[in-house]
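Engineer: give me coordinates for this.
(chains A and B)
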Protein chains: 2
Amino acid sequence: MRAHVWVMPKQSVLDPQGKTIQHTLASLGFAAVKDVRQGKFFVLDLGGVSRDEAAKQVERISRDVLANLVIEDFRFEIVE
Amino acid sequence: MRAHVWVMPKQSVLDPQGKTIQHTLASLGFAAVKDVRQGKFFVLDLGGVSRDEAAKQVERISRDVLANLVIEDFRFEIVE
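Structural biologist: Residues are numbered from 1 along each chain as shown, chains lettered A, B, ... in the order given. This next block holds a predicted model:
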């Protein structure tokens, strides 16, 4: 089983890295880019578990290890 | 227009962050997780450009700013 996990700063949380990139892009002439948000993306390979069990484990892993739920949201997909 | 950009370490490149997470997960009892790779995920909002122009700009931005092509690959989608 393979899982994809996205971890993003919550909409209400400032994203200084994203802002910095947006300013850099503006200075390079990419004025069309109005906003940038940066998050993390994880690819997890799981062996020897069912799809349901993989989903259960990836949800716990995302919640407990990959994301800081105070400032971040996550979502995941079991892709194969 | 909104674009999603994924930037991942190349398959041939070590991913120490991913390895650290995998070891942490193993120590927490998630033995089913055989491999973890960590990358970056960006959401770009572009205003006042066509879909084709957005794709052209996002390709250049990914190549020149978001990814280090020596050690990273990228892919992107124009999502709306």
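Engineer: buried residues, whichever strand in chain A runs longest. List them.
Structural biologist: The longest strand of chain A (DSSP state E) is strand A:33-46. By 16 or more other C-beta atoms under 10 Å in any protein chain shown, the buried positions in strand A:33-46 come out as A:33, A:36-44, A:46. Just so you know, the C-beta spots here come from the backbone N, C-alpha and C atoms, and that holds for glycine as well.
Engineer: would you reformat those as CSV and include distance to A:K56 and pLDDT?
Structural biologist: Putting these into CSV (distance: C-beta to C-beta, whole Å; pLDDT from 0 to 100) gives the following:
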residue, distance to A:K56, pLDDT
A:V33, 38, 98
A:V36, 33, 97
A:R37, 28, 96
A:Q38, 28, 96
A:G39, 23, 97
A:K40, 21, 97
A:F41, 21, 98
A:F42, 17, 98
A:V43, 18, 97
A:L44, 13, 98
A:L46, 11, 97
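Engineer: can you tell me which of the residues you listed is closest to B:A54?
Structural biologist: Ranked by distance to B:A54 (C-beta to C-beta), those are led by A:V33 at 9.4 Å.
Engineer: for the residue nearest to that closest one when sequence neighbours are not counted, list the residues it contacts.
Structural biologist: The spatially closest residue to A:V33, leaving aside those adjacent along the chain, is A:L25, at 4.7 Å (C-beta to C-beta, 6 or more residues apart in numbering or on different chains). Applying C-beta atoms under 8 Å, 6 or more residues apart in numbering or on different chains, one finds that A:L25 lies in contact with A:33, A:36, B:61, B:65.
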